[in-house]
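Trainee: the sequence and its predicted three-dimensional model are supplied below.
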Amino acid sequence: MFLIYLLLRLLALLPLRTLHAAGALLGRIALWRRTRTAHHVAVNLAIARPGLDEGARNALLREALAESGKSATEIIKIWGSGAERALRLVREVRGEALFDAALASGKGVVIAAPHLGCWELLNYWLCRKTPMAILYRPPRIAAVEGLLRKVRGALAPEQVRAEGAGVRTLYKRLAGGGTVGILPDQKPRAGEGEFAPFFGRDALTMVLLPRLAARTGAAVLYAFAERLPQGAGYRIHLLPAPDGLADADLATACTALNRGVEACVDLAFAQYQWQYKRWSADDRPSPYDRERGVG
């Protein structure tokens with residue numbers, strides 16, 4: 001793992017623009033080879049933007065795959081540079097006053113961070129503002145967890161496992177006025193979610209975040225780090241949660257939760273993790289099972 005860390009440090013000397021260009025090339029290769037990833041992206045875009053004609057849909061597919069590739073290669077810069085140096089790439093912050101006000105209220109803050117843009121840089125920015133715990137699932141390779149702790153350094157969030165004890169830790173954090181981060185579009189396990197509309201089609205949606213908000217009274221803000229063109233850096237966005245997210249009716253709350261994700265995605269549509277099988281569920285037909293074919 002030390003050799004991987006050393007390689008990251010060396011490759012991080014490359015300009016962000018160069019790394020993004022390499023990532024865009026990976027996206028073009030995925031499209032050319034008609035990979036499974038390209039298929040999933042094509043299916044998701046057809047669901048989320050059904051009104052596009054063939055030319056516009058193919059152009060969006062190329063852009064989304066390029067951004068997907070950039071999300072992979074930019075990690076070299078974000079992890080290899082170290083947290084403080086990586087944060088120099090933040091050019092603008094929109095909505096910071098919302099975060100400052102939520103912190104000052106002392107009621108706790110839930111950051112809903114979708115799979116959008118550069119979420120690892122967002123973690124750094126948030127943890128520089130305040131200590132934070134994030135809900136996560138351990139990586140399949142145990143050594144990766146140690147690498148993450150090393151590259152994040154002093155700005156590493158507390159990593160809380162997505163299990164019973166971890167959820168109780170989140171409640172305690174919020175009760176004490178602390179901050180927690182959750183991926184609001186993380187597909188829950190079977191039996192642990194609620195179906196709610198997401199870009200016009202029902203998707204299995206987590207109920208944990210609405211329950212945290214309802215039971216603790218914590219403020220909920222959506223956040224993401226938008227990737228700027230030509231490797232120019234990043235723009236942090238913080239947005240208020242839609243009305244109804246803490247509603248006692250879970251269908252209402254989960255619909256609001258997904259509306260918040262949509263509002264973020266609409267600001268940087270191609271930068272969403274469109275390769276994620278967001279509309280699959282164990283007990284429903286999957287839109288991803290048909291013959292692979294991308295334009």
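Mentor: Ah, there it is. Numbering: from 1, shown residues only.
Trainee: next up, the contacts around the residue nearest to Gln230 when sequence neighbours are not counted.
Mentor: Counting by Cβ to Cβ, 6 or more residues apart in numbering, Gln230 lies nearest to Arg17, which is 5.9 Å off, once chain neighbours are set aside. Backbone N, C-alpha and C define where each C-beta goes, glycine included. Residues in contact with Arg17, defined by Cβ atoms under 8 Å, 6 or more residues apart in numbering, are Gln230, Gly231, Ala232.
Trainee: can you rerun that using 10 Å?
Mentor: Contact partners of Arg17, counting by Cβ atoms under 10 Å, 6 or more residues apart in numbering, are Pro229, Gln230, Gly231, Ala232.
Trainee: would it count as being in a helix?
Mentor: Yes: assigned with DSSP: H, G, I helix; E, B strand; the rest coil, Arg17 falls within a helix.
Trainee: any idea how far Ala270 is from it?
Mentor: As judged by Cβ to Cβ, to the nearest Å, Arg17 and Ala270 stand 17 Å apart.
Trainee: low-confidence regions, this protein specifically.
Mentor: In the predicted model, the chain carries pLDDT under 70 at residues 1, 142-143, 290-295.
Trainee: quick check: closest non-adjacent residue to the residue nearest in space to the middle of the chain.
Mentor: With distances taken as Cα atoms, centre = their mean, His115 lies nearest the centre of the chain, 2.1 Å away. Once flanking residues are discounted, His115 sits nearest to Gln273: 3.6 Å by Cβ to Cβ, 6+ apart.
Trainee: list the contacts for that neighbour?
Mentor: Neighbours of Gln273 in contact, by Cβ under 10 Å, 6+ apart: 40-41, 44, 64, 67-68, 71, 114-117, 119, 183, 185, 265.
Trainee: which of these ranks first by neighbour count?
Mentor: Counting neighbours by other Cβ atoms under 10 Å, Gly117 comes out on top of the contacts of Gln273 with 30 neighbours.
Trainee: what residues are bridge-paired with it?
Mentor: Beta bridges link Gly117 to Ala225, judged by DSSP bridges.
Trainee: pretty sure it is touching His237, no?
Mentor: Yes: when contacts are counted by Cβ atoms under 10 Å, Gly117 is listed as touching His237 (8.4 Å).
Trainee: which residues are in contact with both of those two?
Mentor: By Cβ under 10 Å, 6+ apart, the residues touching both Gly117 and His237 are Ala223, Phe224, Ala225, Glu226, Cys264, Leu267, Ala268.
Trainee: follow-up on the earlier one: farthest-separated two in the contacts of Arg17?
Mentor: In terms of Cβ to Cβ, the contacts of Arg17 reach their longest pairwise distance at Pro229 and Gly231, which sit 8.0 Å apart.
Trainee: overlap in contacts, those two.
Mentor: The contact sets of Pro229 and Gly231 overlap at Arg17, His20 (Cβ under 10 Å, 6+ apart).
Trainee: settle it for me: which of those two has more neighbours?
Mentor: Gly231 (17 against 8).
Trainee: what's near enough to touch the more buried one?
Mentor: Contacts of Gly231 (Cβ under 10 Å, 6+ apart): Pro15, Leu16, Arg17, Thr18, Leu19, His20, Ala21, Lys70, Glu74, Lys77, Leu89.
Trainee: in PyMOL, how would I select the buried members of the residues you listed?
Mentor: Restricted to buried positions by 16 or more other Cβ atoms under 10 Å, the PyMOL selection for these reads:
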select buried, resi 16+19+20+21+70+74+77+89
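Trainee: which two in the contacts of Gly231 are spaced the farthest apart?
Mentor: Within these, Ala21 and Leu89 form the most distant pair, 16.0 Å apart (Cβ to Cβ).
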